[in-house]
Structure formats: structure tokens, C-alpha cells
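Participant: model this:
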Amino acid sequence: MIWGCGVEQLPGEDACLELGERPVPDEDARTRHYQEKVRAAGAAPHRGEEDPKTLMFFTLGLVGWSLTMPQLHRMILGPGYSLEQLRPAISDAVRTLTTRPADPT
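Facilitator: This next block holds a predicted model:
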């Protein structure tokens, strides 16, 4: 089972998208789980200007995109480019979100 969707499915299926705006199974518990992650993101060292909620949302997006869009992963990165190879780039991207220079304006 892919936990993000909460329904039995094969990797790459879009059962989550089919739920639309309807609640996902066990949504209250999942919301608490993600709020704990948001609190941890807020407590992590960073410049202090980032909203931990958006930082967590972007982080999950960066991680999840390669898992939910295997066709794009293959077409852009190549068929032999593994998730293990992509992991450092995802980490660098998330790090960049929290260490970018302040806007001079």
C-alpha cells in the first residue's frame, strides 16, 4: 500500500488524485502526523524566514514527484537514473530552499 493515498494500489497509480477534495482514509491521524513534521521543520536550523508549512509541502513535492511521475523521471533523467542517484539532488534542492540569500529589496 502507498501510504500517501491510503488505498491499496500499485506504484504509479493515481488513486489519491481520484479522491479529489474528499477526505482520505484516516485523515485526522495523517494530519497530526504531518503537523508533527511541520513542527520539526520549524525547529530545524534555517534562516528563519521560511514558513515551515510551505517548506514541508515543497519537500514532499520534490520527493514525491519522481515516485508519482515515473514516465517523466524516465524521459527526462533517462531509464537508468535511479532514485538513489536522485536523492542527493533532492537534498540539495531542499537545502537551497532554507539557505538562499535574503532578498536585498
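Participant: Please spell out which residues along the helix or strand where Leu97 lies are buried.
Facilitator: Using DSSP states H and E, Leu97 falls within helix 83-99. Within helix 83-99, the residues scored as buried using 16 or more other Cβ atoms under 10 Å are Leu86, Val94, Leu97, Thr98. In this view, the C-beta of every residue, glycine as well, is placed from N, C-alpha and C.
Participant: Just give the nearest non-adjacent residue to the second one, would you?
Facilitator: For Val94, ignoring the flanking residues on the chain, the nearest one in space by Cβ to Cβ, 6 or more residues apart in numbering is Thr59 at 5.1 Å.
Participant: That neighbour contacts Thr96, correct?
Facilitator: No - counting by Cβ atoms under 8 Å, Thr59 sits too far from Thr96 to count as a contact (11.4 Å).
Participant: can you tell me the helix or strand for the residue minimising distance to the centre of the chain?
Facilitator: Geometric centre of the chain, nearest residue: Leu60, 1.0 Å, by Cα atoms, centre = their mean. Applying DSSP H and E as the criterion places Leu60 in helix 52-68.
Participant: elements contacting the very next helix or strand once past that helix?
Facilitator: Next along the chain after helix 52-68, taking DSSP H and E as the criterion, comes helix 70-72. In terms of contacts (3 or more Cβ pairs under 8 Å, 6 or more residues apart in numbering; DSSP states H and E), helix 70-72 is not packed against any helix or strand.
Participant: Mind checking the pLDDT average for helix 70-72?
Facilitator: Taken as a whole, helix 70-72 has an average pLDDT of 89.
Participant: mind checking how far that helix is from the chain centre?
Facilitator: 16 Å (Cα atoms, centre = their mean, to the nearest Å).
Participant: what does stretch 55-65 give?
Facilitator: With Cα atoms, centre = their mean, you get 2 Å for stretch 55-65.
Participant: buried residues in that stretch?
Facilitator: Leu55, Met56, Thr59, Leu62, Val63.
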